[in-house]
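Participant: After the sequence you'll find the predicted model.
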Amino acid sequence: MAQQLRIATVTLNPAFDLVGRLKRIEVGEVNTVETLGLYPAGKGINVAKVLADLGTNLTVTGFLGEENQGDFVQAFQQNGLVDQFYRIAGKTRINVKITETEADVTDLNFLGFEICTNDWRKFTALSQQWHTQFDLVAICGSLPRGVTAEQFADWLKSLHDQGLKVVLDTSNQALTAGLKANPWLVKPNRRELEVWANRPLETLDAVIEAAQELRTQGIENVIISMGEKGSVWINNEGVLQAQPPRCEDVVSTVGAGDSMVAGLIYGFLQGWDKAKTLAFASATSALAVSQSNVGVSDKTALEGILAQVKLTEL
């Protein structure tokens, strides 16, 4: 099973991530921020980076601004990724992600380029051949301006109709619309699930109940990430919870969810069972919060975390 499946990650709205850290943001004041790095990113690109670090060959696609693509192209080459990004006029945006050591991460996500009707039509026409190139496509991140949630859902359905396994990791209207296209695997976090369910989900039971509603609508694998409370995976084999060890020194939570998606895909590629796959994905996600950039640079540290992941059948 290992490595025979052909994988692509799709990032429709990439960004440079400017990542920094300080004790506490003082609103309305001048804040001095420790710079952790400026990285070519976007959720699908982050997933691809982690998979590449784990030794997987894959393709990256989506939209990329022509004017500042250099660092992206270099990163794709460094990671051995096949670049099938569709270039459009303009620049790829910059997002600012600040980790407060005494609180949470604050994301300042800027609006990026706008996709014109013609570019969307050309890109989606190219995607109608994906079944000849790929077996699994992971579609991650937000929608760019110019693409409606309805267009997005129709496009996802066209991928599903090609027989592709679609992994979906997005939020807001893109998630609500995308879920109607019955992707093969979805990974909303608890907050995103609350928005979809239109109610607060205070307890684990409430989270599972909402996730089961997604299952009954025709989605095979529903994985809910719940931050330090770990994650749950609901499919036809039942409900499994994974609890990674607590990270004492959180550097940045940027990319933790993307690392989890990569870990899930990697386990699937290896032909692992559900328990081994979820444990590995949880460990990959837990490793991500201890570093400023996305990826797996220290496999020994990953193994150390993996040994401490606690699994519970619910």
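Facilitator: Done, it's in. Residues are numbered from 1 along each chain as shown.
Participant: Where does pLDDT dip in this protein?
Facilitator: 1-3, 103, 252 (pLDDT under 70).
Participant: quick one, helices of it?
Facilitator: Residue ranges of the helices in the chain, as given by DSSP state H, are 43-53, 70-78, 117-127, 149-161, 172-179, 190-197, 204-216, 256-270, 274-288, 299-306.
Participant: how about these, which one is nearest Ser142?
Facilitator: Checking the helices of the chain against Ser142 by Cβ to Cβ gives helix 172-179 as the closest, at 6.4 Å. Every residue, glycine included, has its C-beta placed from N, CA and C.
Participant: what's next to the closest one, contact-wise?
Facilitator: With contact meaning Cβ atoms under 8 Å, 6 or more residues apart in numbering, helix 172-179 is reached by 139, 142-143, 149-150, 152-153, 156, 168, 170, 186, 188, 192, 195-196, 214, 217, 219.
Participant: Quickly compare the helices of the chain and say which is most buried.
Facilitator: Mean neighbours per residue, mean count of other Cβ atoms under 10 Å, is largest over these for helix 43-53, with a mean of 27.
Participant: Show me what that one is packed up against.
Facilitator: Using 3 or more Cβ pairs under 8 Å, 6 or more residues apart in numbering; DSSP states H and E, the elements in contact with helix 43-53 are strand 7-11, strand 59-65, helix 70-78, strand 136-140, helix 256-270.
Participant: any chance of those in JSON lines, plus distance to Lys299?
Facilitator: Shown next, in JSON lines, are the helices and strands packed on helix 43-53 (distance: least, Cβ to Cβ, whole Å):
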{"stretch": "strand 7-11", "distance to Lys299": "20"}
{"stretch": "strand 59-65", "distance to Lys299": "22"}
{"stretch": "helix 70-78", "distance to Lys299": "18"}
{"stretch": "strand 136-140", "distance to Lys299": "22"}
{"stretch": "helix 256-270", "distance to Lys299": "12"}
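Participant: Quick check: which of these is nearest to Lys91?
Facilitator: That would be strand 59-65 among the helices and strands packed on helix 43-53, by Cβ to Cβ, at 4.4 Å.
Participant: Who are the contact partners of Asp119?
Facilitator: 63, 86, 88, 146.
Participant: can I get the helices of the chain in CSV with distance to Glu26?
Facilitator: Converted to CSV, the helices of the chain look like this (distance: least, Cβ to Cβ, whole Å):
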stretch, distance to Glu26
helix 43-53, 29
helix 70-78, 31
helix 117-127, 41
helix 149-161, 36
helix 172-179, 29
helix 190-197, 25
helix 204-216, 34
helix 256-270, 26
helix 274-288, 28
helix 299-306, 34
